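Colleague: give me the fold of what follows.
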Amino acid sequence: MNKKVSIATLSAFLVATSPAMAVNEANTLYVNLELSLNRTTVGLVIQSISEQTGYEFSYDESILSKEISKVSVRVKNEHIESVLKKVFKNTDISYRIVDNRIFLQDNAKTENVSFASVQQVKRTIRGTVVDNTGLPVIGANVIVKGSAGVGTVTNVDGDFTLEGIEDGATLMISYIGYVDQEVAVAKGKNDYKITIHEDTQNLDEVVVVGYGTQTKVNLTGAVSTIGKDELINRPVTNVSSALQGLTPGVTITSGTGQPGSDGSTIRVRGVGTLNNANPYILVDGIETGTFDSIDPNDIESISVLKDAASAAIYGSKAANGVILVTTKRGKAGKATVSYNGNVSFSNVSTLIDRLSSYDYARLYNQLLTQDGASPRFTDEDLRLFQDGTDPYGHPNTVWTDYIYRTGFMHKHSLNVSGGSEDVKYMASAGFLGQEGTLRNSDRQQFNLRTNLDIKLSDKFTMRTNMAFIHNDYSEPNASYGGGSTQLIRQADRIAPWIPYKKEDGSYGSISDGNPAAWVDINSRKYHLLQNFSGILAFDYHIIDGLTFTLQGAYVTNIKETKDYRKECWYDDVNYHGPDQLGETISRWSRYTLDALLNYDKTFNQDHHFKAMVGYKIEKYDYRNLYAFRKSFPNSEVTDLNGGDSSTQTNSGYSRELALLSYFGRLNYDYKGKYLLEANFRADASSRFAKGYRWGYFPSFSAGWRISEEDFMENTHGWLQSLKLRGSWGLLGNQDAVSDEYYPYLPTLYIGKNFPFGGSVHQGITVVSHKVTTISWENSTNWGIGFDANFLNEFMLSAEYYNRKTSDIIMDIPVSDTFGISGTYQDNKGSLRNSGVEASFAWNHSFNKDWRMGINANFSYNKNELLDLAGVNEIIDGYMINRIGEPYQSFYVYEVDGLFKSDEEAAAYEKQYGNPWSLPFKGGDFRIKDADGDGKLTDKDRVVKGTQQPKTTFGLTLSAGWKNFDLSVFMQGVTGTNRYFSRDVVGSFIGDTSHPSTNWLDAWTPENTNAEWPRLFLEENSISSPQRVNSSFWCMNTNYLRIKNVNFGYTLPKSWTNKLGIANAKIYYTGENLFTFDSLPFNADPESPSGNLDVYPISRSHSFGINVTF
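Modeller: Down below sits the predicted model:
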């Protein structure tokens, strides 16, 4: 609701728009209304009318307190004009109706302003008001600055006309939720296209929260929102990648570039458990499991609930944060059809530079002779490798050239929306076709969605949501399985002197095969994902402010995997086979029923209460089936029944889970100044034993809008809002336990037969120990922060948070006294995440042509283990969990440079000893005596960072000039490390390795200042000090990435009108364009694997068009 319009503006508007109003009156809706108020105010009257009819009001703020002695109206299906006459009878309030907006004026304050006082001046001005996407803005105020009585509003096409306007006059354009714009009337110019931009300082912005919405200014919890404009026009294939770096406190790490399976890891305010740390993700209020497969063009907004105050309403599923996705819905008005399509070309941006055949052979010969063996390659071999004249006998095979290609993608999204006041609809269809950068990796995805809102009666409404996703994708497969991972691994480790093909057409190969051959024979692993979700909801408005909602939802998900491994003959001798096929089919379904009662009421204009109570039941079913056969008649037979039945195996299992919940929320604010909120949820989960199923999760938060205090009145000219807020709450985590089994039930084995009484009986043996007391993980959260909006252009928000997770479920070794080996699970651990996060925004229009903006966010997180079931540390290879350190820290020997010579190495070994069997030599790592006891032992290992980033940041720079717009988005992390396997840079083994060019700077007696240690033959150095897990391989993976560059041009209205198009925009988008890091080789610092054997992320260039009819 627009709460402030000047009296002169209203007067001018009412006169200038009288012809348009006459037309609009014919289309004015009939309404039902019931009012019975004594000695009330205009403010309460218009609030009641707005709530019951949906009309919006524009008025001067001073009119709100104007008293009305009595209002008593009860009408059904009566014209709004007639209703307003009754309401404002015997008052000084006049009104005008335009579409769904009512303009009020206090005539007692405008005695000197005539509704007909339009000044007759020189000429007629026409124009169109559009938003930043080019869509018409309906009902925008257009008035002449300083001229009382001269004004109008835009029609359904965003057009306006003003008569008798002088040269040099200034038009003032305003609309709810947009920044006011001033346009000078130029001499001789009669037609104008005016673009207004969304007000980022809009304090009335509505934010989606758990089971409802709140105005942004009244939020007391930590909620970040991402709008639809930040997601569209980007060539991303999953939503999580599009969110990366857009909001503070949310760390998103890209997984792989595999088409169809390229989702990212999301962590909200750090890793909060040793188990499943994924956030709870809901789409339109239900858990669909398809977050990354949603068409970004279908999304209206995304809210991230980061603290207990905002997330406690979801109780046992909210410990790791909550992400709420809201899809678009229809709005009353004529049908709008929009199309967004783009094509994209991509290439792998990070491939390790490998040695040529000549360099590898030369260095390999040196190592052989160094170890007393004969060189493998002759001088003639080296010459032929170097000059390339014998491509079959002495090739220089770049294996990545045979498995990678230029990727291609095309995306299309069609959306239709509109409706009347009684029926609103939105329907969309999307298609994504993708050829991945790895050969034989493809994807075809279809998305269908429809949302419908139906007003069944004055009190009864119905909502339906339906969505279907079909995701069909494949990946290359080795002849012995492993999918794309095995293909990438093999391409990085096969020597360059092995030919792709020999002169006779057969394949060159090592014992593990030829990756290019697998691609050629089209050995693939196929995946199919189908997901359907449906919602049916009813809202019943019982009395003013009280609404009952009943919502049922059903989600079903089917996933099929067909792992076909084709036999491959490399030549007459080398062979992998026979054909093998393994098929997995899994299906899960989730049924939910929610019942809500909402109450929203304001008393005496100052006291605003909102209350909600709810009930929820959820049932989850899962089924899995696996079957396998091999030895098919030929490689074209891909049905399981075609395999040899004697080779078949099969397995399957199922599970059922249920959740029962009661929850509630209470909000109170006094004059929008003092804000209080309390949430409570009780959950009972079937995962746990009776007596341990219930969990109780409360939260409390408060806010103080200091800017609304009387003592802050002098700041109102520059300070729009300043709010302090704080919160405390308790959350739970039931997903820490395995989905497959109930953690409190022991596993039994049937088949241990025993003799008794002269006969053999079937025995049952307990093979695993369990405890029945296992229950929820609990997360206690508190935080304090502030939000500020100032100078009408700036926004600043910051918060400190502290989150302690206790009762973490851990694997505990079974005591020997039980007679059972292995581990059992119990609530024994705890850890803490604490940190700060901040966001900043600035948006400014310099004039009607130029505009700029900055959006930045930053977060710092400290992760610390507090309890590990009573032990101080748990070591697993080069990883450690230690009290006081971050979860999953790297635990390695610290390297203090390289030995300059054999003499220096021998002296060091004499002083500190050597726990490894091979002696230190020049060029080896100097292992530091970290504990200072004068000798090298395994106690000299030290904690060397973690893969969890300490800081994350994002920065968006945007600019616009006339119809052109440009944005540059960059994101990055600091304080993160990764342990890279030696396989990344390769070893000197022979045919089964391909070392990187880093080894050209290896230590030699002539190059003692080298960056890399000395070379050695891998097979002769199994116990070398160089092979220990050391800090040399634990590398800094901080990075800054130019994530997205978007450049667009909106076609002029004069062009599009001729084609019947409301808006058209063409754009270019570049994704993952540049990455700045300190790694010594060309690898992705974000890669989830230290072996770099995952499908790499690509750099892409996209060209698209966005059209609205």
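
Colleague: so the chain: which segments form each domain?
Modeller: As assigned by automatic domain parsing, the chain contains the domains 7-195, 206-334, 345-403.

Colleague: so which of these is the most packed in?
Modeller: domain 206-334 (a mean of 23; mean count of other Cβ atoms under 10 Å). Using the backbone N, CA and C atoms, a C-beta is placed for each residue, glycine as well.

Colleague: please work out the average pLDDT along that domain.
Modeller: Across domain 206-334, pLDDT averages out at 90.

Colleague: what does stretch 694-703 give?
Modeller: Here the average pLDDT along stretch 694-703 is 96.

Colleague: ok so, going back, and the domains of the chain as a markdown table, adding distance to Phe609?
Modeller: A markdown table is the format used below for the domains of the chain (distance: least, Cβ to Cβ, whole Å):
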| stretch | distance to Phe609 |
| --- | --- |
| domain 7-195 | 14 |
| domain 206-334 | 12 |
| domain 345-403 | 53 |
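
Colleague: ok, now which ones touch Tyr314?
Modeller: Neighbour list for Tyr314: Gly210, Tyr280, Leu305, Val322, Arg681 [criterion: Cβ atoms under 8 Å, 6 or more residues apart in numbering].

Colleague: please apply the same query to Glu230.
Modeller: Residues near Glu230 by Cβ under 8 Å, 6+ apart: Ala242, Leu246.

Colleague: looking at the domains of the chain, spot the one closest to Arg590.
Modeller: domain 206-334 (6.3 Å; Cβ to Cβ).

Colleague: and the end-to-end length of the closest one?
Modeller: Start-to-end span of domain 206-334 (Cα to Cα, to the nearest Å) is 24 Å.

Colleague: burial of Pro915, as a residue count?
Modeller: 14 (other Cβ atoms under 10 Å).

Colleague: now the nearest residue to it once chain neighbours are set aside: which helix or strand?
Modeller: Distances taken as Cβ to Cβ, 6 or more residues apart in numbering place Leu936 nearest to Pro915, at 5.7 Å, with adjacent residues excluded. Leu936 is part of no helix or strand, with elements assigned from DSSP states H and E.

Colleague: quick one, strands of the stretch 201-350 of the chain?
Modeller: 206-209, 212-215, 223-227, 250-254, 264-268, 280-283, 299-305, 322-327, 333-348 (DSSP state E, counting those that start in this stretch).

Colleague: let me know the outermost residue of the protein.
Modeller: Going by Cα atoms, centre = their mean, the residue of the chain most distant from its centre is Gly758, 66.2 Å out.

Colleague: which ones are touching the closest residue to Ile323 other than its chain neighbours?
Modeller: What sits nearest to Ile323 in space, not counting adjacent residues and going by Cβ to Cβ, 6+ apart, is Ile281, at 4.6 Å. Contacts here follow Cβ under 8 Å, 6+ apart; on that basis Ile281 touches Glu287, Phe291, Val322, Ile323, Val325.

Colleague: what's the last one in contact with, if anything?
Modeller: Same thing as Val325. If you count contacts by Cβ under 8 Å, 6+ apart, Val325 has them with Val239, Ile281, Leu282, Val283, Asp284, Phe291, Ile294, Ile299, Ile302.

Colleague: what are the boundaries of the strands in the stretch 901-1050 of the chain?
Modeller: Shown for the stretch 901-1050 of the chain, the strands assigned by DSSP E, counting those that start in this stretch span residues 925-927, 941-946, 951-961, 964-974, 977-979, 1034-1036, 1039-1050.

Colleague: got CSV for the ones you listed, with distance to Gly341, mean neighbour count and mean pLDDT too?
Modeller: As requested, the strands of the stretch 901-1050 of the chain are exported to CSV (distance: least, Cβ to Cβ, whole Å; neighbours: other Cβ atoms under 10 Å; pLDDT from 0 to 100):
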stretch, distance to Gly341, mean neighbour count, mean pLDDT
strand 925-927, 54, 22, 96
strand 941-946, 42, 20, 95
strand 951-961, 23, 18, 95
strand 964-974, 19, 19, 95
strand 977-979, 38, 21, 95
strand 1034-1036, 41, 20, 96
strand 1039-1050, 14, 20, 95
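
Colleague: the closest residue in space to Asp621 that isn't next to it in sequence bridge partners, please.
Modeller: Using Cβ to Cβ, 6+ apart and skipping residues adjacent in sequence, the residue nearest Asp621 is Ser589, 4.9 Å away. Taking DSSP bridges as the rule, Ser589 bridges to Thr556, Asp621.
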